[in-house]
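Participant: everything below, folded, please.
(chains A and B)
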Number of protein chains: 2
Amino acid sequence: MAEVHGTRRNRLRERCAATGVDAALVTRPANVRYLTGAAPPGAALLIGPGPEDTLVHLRPPPDDPGDPGDRGDRGAERPPEDLRATSLPTADGDAAVAAADLAREQRAERLAVEEHHLTVARHRAVRSVAQDLPIADLGNAVEQLRLVKDEQEIAALRIAAEIADQALGELLESILVGRTERHLALELERRLVDHGADGPAFPTSVGTGPHSGTARHVPTDRRVEEGDFLTVRLGACYRGYRCEVGRTFVIGTAPAAWQVELYDLVFDAQRAGREALVPGVACRDVDRATRRPLTAAGHADGLAPWSGHGVGLEIDEDPQLSPAAMGKLDACVPVTVEPGVHLPGRGGVRIDDTLVVRPAADGGPELLTITTKELLAL
Amino acid sequence: MAEVHGTRRNRLRERCAATGVDAALVTRPANVRYLTGAAPPGAALLIGPGPEDTLVHLRPPPDDPGDPGDRGDRGAERPPEDLRATSLPTADGDAAVAAADLAREQRAERLAVEEHHLTVARHRAVRSVAQDLPIADLGNAVEQLRLVKDEQEIAALRIAAEIADQALGELLESILVGRTERHLALELERRLVDHGADGPAFPTSVGTGPHSGTARHVPTDRRVEEGDFLTVRLGACYRGYRCEVGRTFVIGTAPAAWQVELYDLVFDAQRAGREALVPGVACRDVDRATRRPLTAAGHADGLAPWSGHGVGLEIDEDPQLSPAAMGKLDACVPVTVEPGVHLPGRGGVRIDDTLVVRPAADGGPELLTITTKELLAL
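Facilitator: Residues are numbered from 1 along each chain as shown, chains lettered A, B, ... in the order given. Just a heads-up that it's a prediction; the model follows:
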């Protein structure tokens, strides 16, 4: 594990060197984690100058991280041994400022910072301590490195997906009528942890009846009723890697005609999106393939602004599958495909998978979330 | 409720006017919520210029927010009717940029932004659209307004504390030996929601045996054993207001002598902190009163950098009760007092209350978290 993080840091070092930057200050937590294996709150990572990197902690790590008999903290692992680590002497400090100071002491020539993460106030403090050391923008360099996942990352996503599928599967075997959205969401989250997740990848969404099919439904005390559409969206976080799955069910013995029709429409749209996942495809073309059936059926208004997004250490990361997205999908990029239609007052359908883009020669996209997409009457 | 938010916005407007600022752009979510009653993701609030304010949403609110038969979303309420609301035409936009554009259109003379929240990249985009409109720093103006709570806010905190006490009380009546930290934490969080919380105020902490008494323990699969100290720290969020409570118990029939001694020490330190809560007291003096008994007993190393902090819409807000803290406590400021000692390899004690500073004439600080602090053997 230590080797992979060192390799990633070297890759960043090389990218920076190509633009005349010999030191980089990484502060976005997911980026720090990607490059070190750990995400201590408030920590800042200094890459270079030179071959050595330093992780500046906000405060010393706790004395007692847990004995070997535990399965230990399922959260961030401890940083690798080959990374220098320091911590601030006082709790009031800013690790980014300390890291910039260190870069200056080590005679860095040009320090790049994450201008999309540092606040104006922190950036000012960093510039102040850097003095004559010029500060540049690192931009999305680390996010770019994170796009294509290696096989260990995909393995973690695969397990996260299995955990989410298991939790969902168990729920479907239980009685649903009469239970509230909120309790079902809590139950799902408990099962995620029971099956080995660090925790939920994001707050679980459960919407029933008129709440079904909405993109961002926060569970309420509404109870599941016969005849409802029930939409569930959940995800597991495993070793920091997050995936998501979303399914829509009908409660009762048989769906109504309008429900079958709407479900088939969204299913077809989602399938079109999945089938568009080929290495080299433009992100906006995947979005278009997913969106088109829904727009053609008259549901253009109210559609989500995107059809899917990348997943990894964050549940919502590059690339975006949206109409204005630039860029193409490479093999080994995991994305969601998650169209939905919501009819106000009636409810709707949302179907969401996490897949890994793979070459057609390897069988096309690898579906991670394998819960059936057949419309189940529960 | 609409009236209180409008009043708060007017207070901010007046504060700004005193420094020549006729428009303010608020983006920190807790601050947006304080001033409008709502916290839509990515929203930006424009105060002024003039008497009217605008909440710029990132995207239109969902069509179907829930029928009146539900208890509805326990999350942020809908913004008051007297606040103008707009949303961005595309999903790619930045509400802060749109709000700055609106300020410019409305001929603002000076726009203050939250430099401790806006990233460098966003601030650049705001400046770019603002053109000739000068941009200043709003600083902590809203956080300052939030310090002293009104009686509705304190009522919400009181209920949040009751919910946390209830959840904790129920847990204490159940069997603990053999259960994992993780399961106990999940159980507590479920009970918080059962008792009416929006959700937990923060991730629940449960530490047993050598894990007890640590400031930031993430629950593991370690199981509770006879003879353990068991430390629990949890909090409820109610109508957005968050409080916390922490207690330490002994598992089994009777504590060991070292456990009684350590518990009494931390209890005395925490009581000293509570008793120091008088309107007008310096924050650092409350910290000193809490810290002194622990330092005197030889536990200076490893103490947390603060003895407590404010609570409200955020679980950790101004004021800080720490050695370097400036400022004094006013009446109606809610704070925690939460000292602890951890002996590596053995465990420790942490006792945490949320209290509201009240005048001595009114009976001294109002204790919100009333679970007994007597050392219980469970």
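
Participant: so A:Arg84 touches A:Pro51, yeah?
Facilitator: No - counting by CB atoms under 8 Å, A:Arg84 sits too far from A:Pro51 to count as a contact (11.1 Å). For the C-beta atoms, the positions are set from N, CA and C on the backbone; glycine is no exception.

Participant: tell me the contacts of the residue nearest the centre of chain A?
Facilitator: In chain A, the residue lying closest to the centroid (CA atoms, centre = their mean) is A:Ile315, at 1.6 Å. Listed by CB atoms under 8 Å, 6 or more residues apart in numbering or on different chains, the contact set of A:Ile315 reads A:Ala201, A:Phe202, A:Gly235, A:Arg242, A:Cys243, A:Glu244.

Participant: what about the third one, distance to chain B?
Facilitator: Spatial separation of A:Gly235 from chain B under the definition CB to the nearest CB, to the nearest Å is 17 Å.

Participant: count the residues that sit near that residue.
Facilitator: 29 (other CB atoms under 10 Å in any protein chain shown).

Participant: with adjacent residues omitted, what lies nearest to it?
Facilitator: A:Ala201 (3.1 Å; CB to CB, 6 or more residues apart in numbering or on different chains).

Participant: which residues touch A:Leu375?
Facilitator: Taking CB under 8 Å, 6+ apart, one finds A:Thr248, A:Phe249, A:Val250, A:Pro255, A:Gln259, A:Val260, A:Tyr263, A:Phe267 in contact with A:Leu375.

Participant: at 10 Å what do you get?
Facilitator: A:229, A:247-250, A:255, A:259-260, A:262-264, A:266-267, A:349, A:351 (CB atoms under 10 Å, 6 or more residues apart in numbering or on different chains).

Participant: within the sheet, what are the partner strands of the worst-scoring helix or strand of chain A on mean pLDDT, with directions?
Facilitator: Within chain A, no helix or strand scores below strand A:84-87, which has a mean of 83 by mean pLDDT, DSSP states H and E. Strand A:84-87 sits in its sheet next to strand A:53-57 (parallel), going by DSSP bridges.

Participant: put the alpha carbons of the partner strand into CSV.
Facilitator: The C-alpha coordinates for strand A:53-57 follow below in CSV (Å, rounded to 0.1, in the frame of the first residue of the first chain):
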residue,chain,number,x,y,z
ASP,A,53,7.0,14.6,1.0
THR,A,54,5.6,15.7,4.4
LEU,A,55,2.2,15.2,5.9
VAL,A,56,1.5,18.0,8.3
HIS,A,57,-1.1,16.9,10.9
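
Participant: tell me which residues of that strand come out buried.
Facilitator: A:Asp53, A:Thr54, A:Leu55, A:Val56, A:His57 (16 or more other CB atoms under 10 Å in any protein chain shown).

Participant: so how far is A:Ala98 from the fourth one?
Facilitator: What that stands for is A:Val56. When distance is defined by CB to CB, to the nearest Å, A:Val56 is 5 Å away from A:Ala98.

Participant: ditto for the first one
Facilitator: A:Asp53 is 14 Å from A:Ala98, where distance means CB to CB.

Participant: repeat for the third one
Facilitator: Using CB to CB, A:Leu55 is found at 11 Å from A:Ala98.

Participant: need the overlap of contacts for these two.
Facilitator: Joint contacts of A:Leu55 and A:Ala98 (CB under 10 Å, 6+ apart) are A:Ala44, A:Leu46, A:Thr86, A:Ser87.

Participant: contacting residues for the residue of the stretch 201-350 of chain A found nearest chain B?
Facilitator: Relative to chain B, the nearest point of the stretch 201-350 of chain A is A:Pro305 (3.0 Å; CB to the nearest CB). Counting by CB under 10 Å, 6+ apart, A:Pro305 makes contact with A:Ala215, A:Asp287, A:Gln320, A:Ser322, A:Pro323, A:Ala324, B:Leu58, B:Arg59, B:Leu88, B:Thr90, B:Ala91, B:Asp92.

Participant: show me which residues of the stretch 251-378 of chain A are close to chain B?
Facilitator: Proximity of the stretch 251-378 of chain A to chain B, by CB under 10 Å from any CB of the partner chain, involves residues A:301-302, A:304-306, A:320, A:322-325, A:342-348.

Participant: give me the buried subset of these.
Facilitator: Counted by 16+ other CB under 10 Å, those give A:302, A:304-306, A:320, A:322-323, A:325, A:342-343, A:346-348 as buried.

Participant: circling back: got a PyMOL select line for the buried ones in the shared contacts of A:Leu55 and A:Ala98?
Facilitator: Buried residues within the shared contacts of A:Leu55 and A:Ala98, by 16+ other CB under 10 Å, are selected in PyMOL with:
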select buried, chain A and resi 44+46+87
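
Participant: report the two of the shared contacts of A:Leu55 and A:Ala98 separated the most.
Facilitator: A:Leu46 and A:Ser87 (13.4 Å; CB to CB).

Participant: what's the overlap in contacts for the two?
Facilitator: A:Leu55, A:Val56, A:Ala95, A:Ala98.

Participant: export those residues to JSON lines and tack on pLDDT and distance to B:Asp137?
Facilitator: As requested, the shared contacts of A:Leu46 and A:Ser87 are exported to JSON lines (pLDDT from 0 to 100; distance: CB to CB, whole Å):
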{"residue": "A:Leu55", "pLDDT": "95", "distance to B:Asp137": "30"}
{"residue": "A:Val56", "pLDDT": "94", "distance to B:Asp137": "26"}
{"residue": "A:Ala95", "pLDDT": "95", "distance to B:Asp137": "22"}
{"residue": "A:Ala98", "pLDDT": "95", "distance to B:Asp137": "23"}
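
Participant: beta partners of the closest residue to A:Gly48 other than its chain neighbours?
Facilitator: With CB to CB, 6+ apart as the criterion, A:Gly48 has its nearest non-adjacent residue at 4.4 Å, and that residue is A:Ala23. On the basis of DSSP bridges, A:Ala23 is bridged to A:Leu111.

Participant: just give me the neighbour total for A:Ala23.
Facilitator: For A:Ala23, using other CB under 10 Å, the count is 27.

Participant: could you do A:Ala300 as well?
Facilitator: 10.

Participant: A:Leu102 now?
Facilitator: 20.

Participant: so it lies in a helix, does it not?
Facilitator: Yes - counting by DSSP: H, G, I helix; E, B strand; the rest coil, A:Leu102 is located in a helix.

Participant: in the helix ranked longest in chain A, what counts as buried?
Facilitator: Assignment by DSSP state H gives helix A:151-172 as the longest helix of chain A. Neighbour-count burial for helix A:151-172 flags A:153-154, A:156-168, A:171 (criterion: 16+ other CB under 10 Å).

Participant: can you pull the pLDDT of the nearest residue to A:Ser307 once chain neighbours are set aside?
Facilitator: Leaving aside its sequence neighbours, A:Ser307 sits nearest to A:Thr290 (CB to CB, 6+ apart; 3.8 Å). pLDDT, A:Thr290: 97.
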